[in-house]
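S.K.: Dropping the sequence and predicted coords here.
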Amino acid sequence: LGLPWKEIYDAADPLAIQARLETYRDLPAGLVKSVGIDVQKDVIEVTEYLFGLGEECWGVAHYIIPGQTITQQPWDDLADLLASLRPDCGGIDSGYNAEMVYAFAKNRRWLFVVKGVEKLSTSTLIEDDGKRRQRLRNKRKTGMSPHLVSNLVGMNEITERLNLPVPDAGKPCAKFIH
């Protein structure tokens, strides 16, 4: 019939997630502050997280830095934001404007450059160490090489955790501060 194919995935129920929102007043000591950074054509988005034991995670804040990412201004604004947040670690997606991402991350050893790959694996979230070492040997001359992350496994992990009936049952589940 020539109809477009639509992939059907398990999805988390948005109303069930919203019903589980909690207000956190006293967070445990010793949390690790992390950032996730997504670069697009005209915006850089940054989400700040706190991580505890057992992968427990609190989403703290989300920042939007407008501007054409082919220009320097949004990168300067990102540098200022990260200087004020002072994260312990983080990841920045290199799926768009990779050269600017590499240049930004080059002197920030705490910031890991990542790239989502659809067909990386169906069983592991990140690339196997042996395969990564071989790929890095082959690309050593080109400079920085991102950590490859499986989109499918990542989406499945998040959906699985969000569908837990109780946040602390089984695997840890993301928690968000408002």
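M.R.: The structure has been received and is ready for your questions.
S.K.: Tell me how far Q72 lies from A79.
M.R.: Computed as CB to CB, to the nearest Å, the Q72 to A79 distance reads 10 Å. All C-beta atoms are positioned from the backbone trio N, CA, C, and that covers glycine.
S.K.: so where do the helices sit in this structure?
M.R.: 14-19, 73-85, 98-105, 129-139, 151-162 (DSSP state H).
S.K.: residues in contact with stretch 25-43?
M.R.: 44-53, 58, 64-70, 74, 78, 82, 85-97, 100-101, 111 (CB atoms under 8 Å, 6 or more residues apart in numbering).
S.K.: Buried subset of those as a PyMOL selection?
M.R.: Buried members of these, defined by 16 or more other CB atoms under 10 Å, are picked up in PyMOL with:
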select buried, resi 44+46+47+48+49+50+51+52+58+65+67+69+74+78+82+85+87+90+91+92+93+94+97+100+101+111
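S.K.: Narrow the contacts of stretch 25-43 to those in strands?
M.R.: When DSSP state E defines the strands, the subset of the contacts of stretch 25-43 inside them is 44-51, 58, 64-66, 89-93, 111.
S.K.: Run through the chain and note the low-pLDDT ranges.
M.R.: When residues are selected by pLDDT under 70, those of the chain lie in 1, 5-10, 119-145, 150-155, 158, 164-178.
S.K.: So what's the residue count around V114?
M.R.: By other CB atoms under 10 Å, 21 other residues sit near V114.
S.K.: meant to ask about Q18
M.R.: 8.
S.K.: And for H147?
M.R.: By other CB under 10 Å, neighbour count at H147 equals 13.
S.K.: Quick check: chain neighbours aside, which residue is closest to it?
M.R.: Leaving aside its chain neighbours, H147 sits nearest to V114 (4.9 Å; criterion: CB to CB, 6 or more residues apart in numbering).
S.K.: Distance check, E45 against S34.
M.R.: Taking CB to CB, one finds E45 at 15 Å from S34.
S.K.: Just grab the bridge partners of V35 for me.
M.R.: Residues in a beta bridge with V35, per DSSP bridges, are E48, G90.
S.K.: burial measure for it, as a count.
M.R.: With other CB under 10 Å as criterion, V35 counts 23.
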